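Asker: Predicted model and sequence below, questions to follow.
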Amino acid sequence: MADLLALSARIIDSGNADEPVNRTTQELSEVADGIAMVESFSHTVALRTDDGLVCFDASGAAAGAKVVASLRGWTADPIHSLVYTHGHIDHVGGSGAFIADAREAGRPDPVVVAHENVPVRMDRYDLTNGYNSTINARQFGGVRGLGIGIGGEQRFLPADAARPQVTFTDRMAMQVGSTAIEVHHDKGETDDHLWAWIPEHKALCTGDFLIWNFPNAGNPQKVQRFPAEWAHALRKMAAMGAELLLPAHGLPIAGRDRIALVLGDVATALERLVGDTLALMNEGATLDHIIHTVKVDPGLLAKPYLRPLYDEPEFVVRNVWRLYGGWYDGNPANLKPAPQAAFATEVAGLAGGPGALAVRARELADAGDLRLACQIVELAVQAGPEDREAHAARAEIYEMRRVDESSLMAKGIYRWAAAQSEQALGDDPA
Ligand SMILES: [Zn+2]
C-alpha cells in the first residue's frame, strides 16, 4: 500500500512536485483506520461503518470494475451508500460496477446520494450527448497515453450509471450505523457539487473542490463554472479544522495546518482572479483588455496543487466574464460579423493569398509569437480550405502550440486543430 499521506506531506512541505500527484493506479491505500482511497480518475473514497461502506464517487465507466475489485481486496463489507460529489461522468460513470457488486452478492443495491442538480445534469447529458462526446474526445486528446478512457463510445453517460435516490438542497445529515456524515452543497466546478464532513475522523471529502491542479473553473468547452462560490466553499471547508482531506483527484492530505494552507491558497488564487476581472469589468474594459491584463501571482501558480496543467487562469477570466456579463466581448465588429471565411478571404486578398498568410504565420511562429501565428494561419486556411501550403503551416504551428502550452484543455484543442490539417493533407494524424 502506498503511503499517500507521507507523499503529500513531503510535496506540500517542500513546495516541489517532483513526482506525479495525480495518480490513476486503480490501487487502494488505507489513509486512516476505516478510510481508504482507490486512486483512479476520479478516486473512490471508502468509509467503513457498522452498516457497511459509504463510498464517495464511483470513478469513470472504464475504471468502475477495477475500483470495485480494489475495494474488495480491502474488505468484504457491503456497500451501504454511494455518494456522488457531483455528476461528472468520471465520478458517476463507474456506478454500474458498484450496483453489480451488490447484486452478485445478493445484497440490496447501494443507496445513491447526490445533490438535487445531479439528476438535472444527467438529463442534460442526454440532451447534449453528441456535443459532450465530441468535446471530451477533444479535451483529453492532446495528451497522449493519459489512459483516462472516460465516456462511453456511443453514449456520453453510460446507460448503467445509477441515478440518485436521495437528493438534498443545501445540506443534509446522514447517519450510517454509528457514523455521522454531513453533506454540504456549494457551487464551484459545477452547480451540483457537494463536500462531506465526517466528524468522527475530522475528515473532509472535497470532491473536485481540490484537484491538485489550478481549479478547472474556466473549461472553454463546458457549461458555466462558479469561481467565486468555489473560493467561498474552500473557506468554509478550511474553517472545519479538518485533520484529513480526501480529494477526488490528487493526493489525500493530513494535518490541520497543511490542509488550511492548501485550501487557503486555492481560495486566494480564485478570489484574486474574480476580483481583478470584476474590477476591470466595472471600469468598462473589454474582454480583450481583461484577458491580456489579469494574471495570477506566479508564486501561487507554482504551488504543487495550483499548477495550470489541466485548466488555466486565462480561461477562468473568460468564465467570470460570461458569468457576470454576457457573450458580447466589447468589440462591436464581433457583435454581428460576416462569416469567418468571408473575412479571411478579404484579408488574404490584401496579403497576396492564403500562401502569403501561411508564410507570415510561420515567421511569427519561428519568432516565438504563437498566439499571433495561430490567428494568421487560421485565416490562411479559412481563405484557402484546399490550400496545402496553408494546411501544412497550420498543422505544424498548432503542434508547436500544443507543445508550448501547459494546460490539458489548451493542448487538446490545439492537437485537434493540427489533426484536422494533417487529415486535409492526407497524412495519418500523429
Ligand atoms: Zn473530477
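Answerer: Nice, thanks for sending it over. Residues are numbered from 1 along each chain as shown.

Asker: residues near residue 163, how many?
Answerer: Residue 163: 16 surrounding residues under other CB atoms under 10 Å. C-beta here means a position set from N, CA and C on the backbone, and glycine is covered the same way.

Asker: distance of it from residue 98?
Answerer: Per CB to CB, to the nearest Å, residue 163 is found 13 Å from residue 98.

Asker: contacting residues around whatever helix or strand residue 350 lives in?
Answerer: Using DSSP states H and E, residue 350 sits in helix 340-351. Helix 340-351 is contacted by residues 337, 354, 356-357, 360, 378-385 when judged by CB atoms under 8 Å, 6 or more residues apart in numbering.

Asker: So which of the residues you listed sit within helices?
Answerer: Under the assignment DSSP state H, the contacts of helix 340-351 contribute 354, 356-357, 360, 378-383 to helices.

Asker: Which of the residues you listed sits closest to residue 124?
Answerer: The closest of those to residue 124 turns out to be residue 378 (CB to CB; 30.7 Å).

Asker: surely that closest one meets residue 391?
Answerer: No. Residue 378 lies out of contact with residue 391 (CB atoms under 8 Å); the separation is 11.3 Å.

Asker: Can you get me a residue count around the closest residue to residue 311 other than its chain neighbours?
Answerer: Spatially, and ignoring its direct neighbours in sequence, residue 311 is nearest to residue 216 (3.7 Å; CB to CB, 6 or more residues apart in numbering). Counted with other CB under 10 Å, the neighbours of residue 216 add up to 24.

Asker: Can you check my assumption that residue 216 lies in a helix?
Answerer: No. Counting by DSSP: H, G, I helix; E, B strand; the rest coil, residue 216 is not found in a helix; it is coil.

Asker: Next up, the contacts around it.
Answerer: Shown in contact with residue 216 (CB under 8 Å, 6+ apart): 189, 208, 225, 310-311, 409.

Asker: Could you identify the pair within these that is furthest apart?
Answerer: Based on CB to CB, the longest span within the contacts of residue 216 runs between 208 and 409 and measures 14.5 Å.

Asker: Now do residue 341: how many residues are near it, please.
Answerer: Residue crowding around residue 341 was assessed by other CB under 10 Å; the count is 14.

Asker: where's it relative to residue 395, distance?
Answerer: Applying CB to CB, the value for residue 341 to residue 395 is 19 Å.

Asker: returning to that earlier point: pull out the buried residues from the helix holding residue 350.
Answerer: Residues of helix 340-351 classed as buried: 344-345, 348, 351 (neighbour count, 16 or more other CB atoms under 10 Å).

Asker: nearest to residue 423, of these?
Answerer: Using CB to CB, residue 344 comes nearest to residue 423 of the buried residues of helix 340-351, at 19.7 Å.

Asker: ok, which stretches of the stretch 101-250 of the chain are strands?
Answerer: Using DSSP state E, counting those that start in this stretch, the strands of the stretch 101-250 of the chain run over 111-115, 166-168, 171-176, 179-185, 194-198, 203-207, 244-247.

Asker: sorry, back to before: dump the contacts of residue 216 into CSV; add distance to residue 74 and neighbour count as well.
Answerer: Listed next are the contacts of residue 216 as CSV, based on distance: CB to CB, whole Å; neighbours: other CB atoms under 10 Å:
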residue, distance to residue 74, neighbour count
189, 28, 25
208, 24, 24
225, 34, 24
310, 29, 21
311, 32, 25
409, 34, 25
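
Asker: Next, count neighbours for residue 240.
Answerer: Count around residue 240 with other CB under 10 Å applied: 20.

Asker: Count the residues that sit near the residue nearest to it when sequence neighbours are not counted.
Answerer: Excluding the flanking residues, the one nearest residue 240 by CB to CB, 6+ apart is residue 197, at 5.8 Å. Residues within reach of residue 197, counting by other CB under 10 Å, total 19.

Asker: Residue 197 pairs with what?
Answerer: Judged by DSSP bridges, the bridge partners of residue 197 are residue 182, residue 204.
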